[in-house]
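J.: Dropping the sequence and predicted coords here.
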Amino acid sequence: MNNIEAARTGIVETGRKMLASNLVTGTWGNISCRVEGESLIAVTPSGMEYDTLQTSDIVVLDMDGKVVSGDRRPSTELPMHLHIYKNREDVNAIVHTHSTYATALACAHRPVAPIVEELVQVVGGDVRVAKYALPGTSELADNVLTAARSRQAALLANHGMVGMGRTLRETFRICEIVEKASKILILSHMVGQPLHLSFEDVQIMREYYLKHYGQP
C-alpha cells in the first residue's frame, strides 16, 4: 500500500469510527490528513455518508487546493484544513465533528474549561471558541487557527469542534476526549462549581503526555 492509499484508508476508517461514536450524524463533519512524504493532503468528499465511503472517494490535493487524485468534490471546509496545515507543522491530521456536548458549549460560546486531566494532556489546556463565521469561508479558517493557538482543538461557534493531532488515531482520540470533557463540564455545573486545574499543573501534564506517555 502506497502512502496515498494509506492516507485514504485511514480517513475511511476514522469516518466510520466517528459515526459509530455519535460524534456526527448524517454527512456532516469532515476528516483530513497529510500524505506521508508528500506535500499533499487527503480529505473526505462533500456530502457523502461515512458508512458508504470507499477509499476511491477520498480526494487528494496539493497544498494550494488543486485536486491531484480523485473524482469527488472535496469537503466544503477544505479552506480551514489547508489553512491549519500551512500554519501548524505539528498537525498531520484534522477531524471536524458536530458532537452534541461540545456543540452545546460552542452554541453558548463557552470554552471547555481545563477541569479534566486527560483533556489538558491531549489538548494543552482549555478548548477555546473560534468566533463565528460562515462555513467554508477563509474567515472561519482564520478564526479557528486563532482559537487553536498552542492547542490541539477548538470549538467553532454555533457549529461544532475541530481536533488536530500528529496522527489520525490521536486526533480521533482528542475529539472523543473533548466531547467527554464537554459533557463533564455541563454536568458538573449541575452539582456545583467546577474547579479549574492550575496553569502549572496543566503544563506539567501536557509535557508528560508529549514526552513520556505511551510506548516508545
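T.: Yes, it's here. Numbers count the residues shown, from 1 in each chain.
J.: Would you double-check that Ala42 falls in a helix?
T.: No. Under DSSP: H, G, I helix; E, B strand; the rest coil, Ala42 sits outside any helix and is assigned strand.
J.: quick one, what contacts it?
T.: For Ala42, the contact set (Cβ atoms under 8 Å, 6 or more residues apart in numbering) comprises Ile4, Ala7, Arg8, Ile11, Ser32, Cys33, Val35, Ile58, Val59, Val60, Leu61. C-betas here are computed from N, CA, C, even on glycine.
J.: Is it correct that the first one is in contact with Glu36?
T.: Spelled out, it's Ile4. No. Judged on Cβ atoms under 8 Å, Ile4 makes no contact with Glu36 at a distance of 9.3 Å.
J.: okay, those two: which has more neighbours?
T.: In terms of neighbours (other Cβ atoms under 10 Å), Ile4 is the more surrounded of Ile4 and Glu36; the figures are 20 against 12.
J.: ok, that one - contacts?
T.: Contacts for Ile4 were tallied using Cβ under 8 Å, 6+ apart; they are Val35, Glu38, Leu40, Ala42, Val60, Ser69.
J.: Now restrict those residues to buried residues only.
T.: When the contacts of Ile4 are checked for burial by 16 or more other Cβ atoms under 10 Å, the buried set is Val35, Glu38, Leu40, Ala42, Val60.
J.: Of all those residues, the one with the weakest confidence?
T.: In terms of pLDDT, the lowest of the buried ones among the contacts of Ile4 is Glu38, showing 94.
J.: Strands of this structure, start to end?
T.: Applying DSSP state E to the chain gives strands spanning 30-34, 40-43, 59-62, 67-69, 93-97, 129-130, 153-156, 160-165.
J.: now the ones you listed as a markdown table including distance to Ile115?
T.: Shown next, in a markdown table, are those (distance: least, Cβ to Cβ, whole Å):
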| stretch | distance to Ile115 |
| --- | --- |
| strand 30-34 | 28 |
| strand 40-43 | 33 |
| strand 59-62 | 38 |
| strand 67-69 | 43 |
| strand 93-97 | 20 |
| strand 129-130 | 16 |
| strand 153-156 | 15 |
| strand 160-165 | 17 |
